[in-house]
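K.L.:
Need coordinates for the below:
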Amino acid sequence: MASEAATAQESQKIIGRQDGPVGHLVFNNPQKHNAVSLEMWDAVEAVLDTFEGQDEIRVVVLSGAGGKSFVSGADISKFEKERGSMEAVQHYNGRTKGVYERVQFFPKPTIAMVNGYCLGGGLNLAAACDLRYCSAKSKFGMPAARLALGYPYAAIKRLVDAVGLSAAKQLMFSAQRIDAAEAHRLGLVQQVLAEEELEAFVTDYARQIAANAPLTVRAMKLIANEVVKDPADTDLDLCERLVADCFASEDYKEGRRAFLEKREPQFQGR
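P.N.:
The predicted structure follows:
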């Protein structure tokens, strides 16, 4: 019973809610700067499963509660329990690897809305999102070298893909934090906004994406993911099918009609 209660409490630290065509996944552990436990990662995946199954949700925004952090990484207070032995570390790494990949390859666009600290696993999570916007007060860092942690291939590749090899090495080797302006200069975030403007901007941008043809947006995301793969692993047949599906859709007809009639298209995702 105590274990079930603890799990329920941890799952309450992850909030999923819908705002029209936008799904919001909120890390709700502000007392610990939204540090994440293993149970919380389980709850993240459950929310993503729900969002994927809801056709009316076309974009997902990830954020942190409390106004001080996006996600500050793993909950260090739980390291002894969750990562205290090699067997536990392997289980933890395998579980979190699956969640990060779930975000990275989620079929709908994902946006990280960063307000405050974005550290360690939080930086990995933001890098797994398609787009990243932050407030001017935000700080980014990879503190693994200060904790003697090992970081797996996939996590390092996301950071390298986001900022380039030398900048990624600088962040990882030094374990130093960078500010929002430097994150923007490196290409880690697409735009820096005043804190009071961040949520409105991201909401408006997410709704702009949601108003576009969902089959086309999905195809472009999946094909873009194929583009960055090793050429030997690229699924060109999948890319061709995705493009063909767009041209065979009712939305393609609607897009043409709306253009000729000089009105906003009403896409249905079919």
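K.L.:
list the contacts for the spatially closest residue to Tyr252 that is not a sequence neighbour?
P.N.:
In this structure, Tyr252 finds its nearest non-sequential neighbour in Cys246, 6.2 Å apart by CB to CB, 6 or more residues apart in numbering. To be clear about C-beta, it is placed using only N, CA and C from the backbone, and glycine gets the same treatment. Neighbouring residues of Cys246 by CB atoms under 8 Å, 6 or more residues apart in numbering: 213, 215-216, 219, 252.
K.L.:
what about the helices in the chain?
P.N.:
Remark: helices assigned in the chain by DSSP state H are 2-11, 38-53, 79-83, 86-104, 121-128, 144-147, 153-163, 165-174, 180-186, 195-211, 214-227, 236-247, 250-260.
K.L.:
which residues are contacting the longest one?
P.N.:
Counting contacts by CB under 8 Å, 6+ apart, the residues outside helix 86-104 that touch it are 38, 41-42, 44-45, 48, 62, 81-83, 110, 121, 124-125, 128-129, 152, 154-155, 158, 225.
K.L.:
how distant is that helix from the center of its chain?
P.N.:
15 Å (CA atoms, centre = their mean, to the nearest Å).
K.L.:
Measure how it sits relative to helix 153-163, angle-wise.
P.N.:
40 degrees (axes from the mean of the first three to the mean of the last three CA atoms, to 10 degrees).
K.L.:
How about helix 86-104, which residues are buried there?
P.N.:
Within helix 86-104, the residues that count as buried by 16 or more other CB atoms under 10 Å are 92, 96, 99-100, 102-104.
K.L.:
go on, the second one?
P.N.:
Taking 16+ other CB under 10 Å as the neighbour-count basis, helix 38-53 is seen to contain the buried residues 38-41, 43-44, 47-48, 51.
K.L.:
Any chance of CSV for these, columns pLDDT?
P.N.:
Listed next are the buried residues of helix 38-53 as CSV, based on pLDDT from 0 to 100:
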residue, pLDDT
Leu38, 84
Glu39, 86
Met40, 90
Trp41, 89
Ala43, 92
Val44, 93
Val47, 95
Leu48, 96
Phe51, 96
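K.L.:
could the residues you listed be laid out in JSON lines, adding distance to Lys137?
P.N.:
Formatted as JSON lines, the buried residues of helix 38-53 follow (distance: CB to CB, whole Å):
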{"residue": "Leu38", "distance to Lys137": "29"}
{"residue": "Glu39", "distance to Lys137": "29"}
{"residue": "Met40", "distance to Lys137": "24"}
{"residue": "Trp41", "distance to Lys137": "26"}
{"residue": "Ala43", "distance to Lys137": "27"}
{"residue": "Val44", "distance to Lys137": "25"}
{"residue": "Val47", "distance to Lys137": "27"}
{"residue": "Leu48", "distance to Lys137": "28"}
{"residue": "Phe51", "distance to Lys137": "28"}
